[in-house]
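Chemist: Could you look at this predicted model? Sequence included:
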Amino acid sequence: MKKAAISACLTGERCRYDGTDNRDNKLLGKLEGWELIPFCPEDHCFGTPRPTMDLVETEQGIKALSNLTGADLSPCVERYARDFFDAHPEIELFIGKDRSPSCGVCSARLYDRNKKLLDAEAPGLMAAEAKGRGIECWDTESYIEAHPTPPIAGS
Ligand code: SF4
């Protein structure tokens, strides 16, 4: 069976920053036939619940900065992403939660140091690693739109 990496919160894991999930039954229905391999870099690195973070353009490049302390949280997320894909070289598809600074594919928000929005279509850190490896990557909403359910025969 072909393997797809998927943001764990989309499968119902309560790993969002506030301890909730983003379970998406419509998406999961469209992924029948794939073996799903869930991941959550932020839960792995920082636990749940946790403070939020944002992608910020800094003098050292794009970093994920804590909205609580301003600390650079990127290294752990980037290490997790490398280790995850090294451990699963057979993954052919990446489905990320829209707008997440870790998992968003073309939907993460990028700010400057003054919280001015620079880009609303940036890749999150985990998605950037998947893209760099040539894996087919989709945001959830785009994947659903691009894979409409075929009409039922006779209807
Ligand atoms: S880091 Fe990704 S998988 Fe984890 S809660 Fe955020 S969007 Fe979901």
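Modeler: Happy to help now that I have it.
Chemist: all helices for this structure, in order.
Modeler: Remark: helices assigned in the chain by DSSP state H are 25-30, 41-46, 74-87, 125-132, 140-146.
Chemist: Please save the CA atoms from the fourth one in CSV.
Modeler: Provided in CSV are the C-alpha atoms of helix 125-132 (Å, rounded to 0.1, in the frame of the first residue of the first chain):
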residue,chain,number,x,y,z
LEU,A,125,9.0,24.0,8.4
MET,A,126,8.0,20.3,8.2
ALA,A,127,6.3,20.9,4.8
ALA,A,128,9.5,22.6,3.5
GLU,A,129,11.5,19.5,4.4
ALA,A,130,9.0,17.3,2.5
LYS,A,131,9.0,19.6,-0.5
GLY,A,132,12.8,19.7,-0.5
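Chemist: what's in contact with it?
Modeler: 5, 39, 41, 55, 64, 74, 77-78, 80-82, 84-85, 91, 94, 96, 101-105, 108, 123, 137 (C-beta atoms under 8 Å, 6 or more residues apart in numbering). For every residue, glycine as well, the C-beta is placed using N, CA and C.
Chemist: Please repeat the previous calculation with a cut-off of 7 Å.
Modeler: 5, 41, 64, 74, 77-78, 81-82, 85, 94, 96, 101-105, 123, 137 (C-beta atoms under 7 Å, 6 or more residues apart in numbering).
Chemist: Just the buried residues from those, in PyMOL please.
Modeler: Selection command for PyMOL covering only the buried members of these, criterion 16 or more other C-beta atoms under 10 Å:
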select buried, resi 5+41+64+74+77+78+81+85+94+96+101+102+103+104+105+123+137
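Chemist: Spatially central residue in the protein, please.
Modeler: residue 103 (1.4 Å; C-alpha atoms, centre = their mean).
Chemist: That one and the ligand: what is the separation?
Modeler: Applying C-beta to the nearest ligand atom, to the nearest Å, the value for residue 103 to the ligand is 4 Å.
Chemist: Which residues are in contact with that residue?
Modeler: Residue 103 touches 7, 96, 97, 124, 126, 127, counting by C-beta under 7 Å, 6+ apart.
Chemist: try 10 Å this time
Modeler: 5-10, 22, 39-42, 77, 81, 94-97, 123-127, 130, 139-140 (C-beta atoms under 10 Å, 6 or more residues apart in numbering).
Chemist: what's the nearest residue to it if we skip its chain neighbours?
Modeler: Of all residues not flanking residue 103 in the chain, residue 96 sits nearest, at 3.7 Å (C-beta to C-beta, 6 or more residues apart in numbering).
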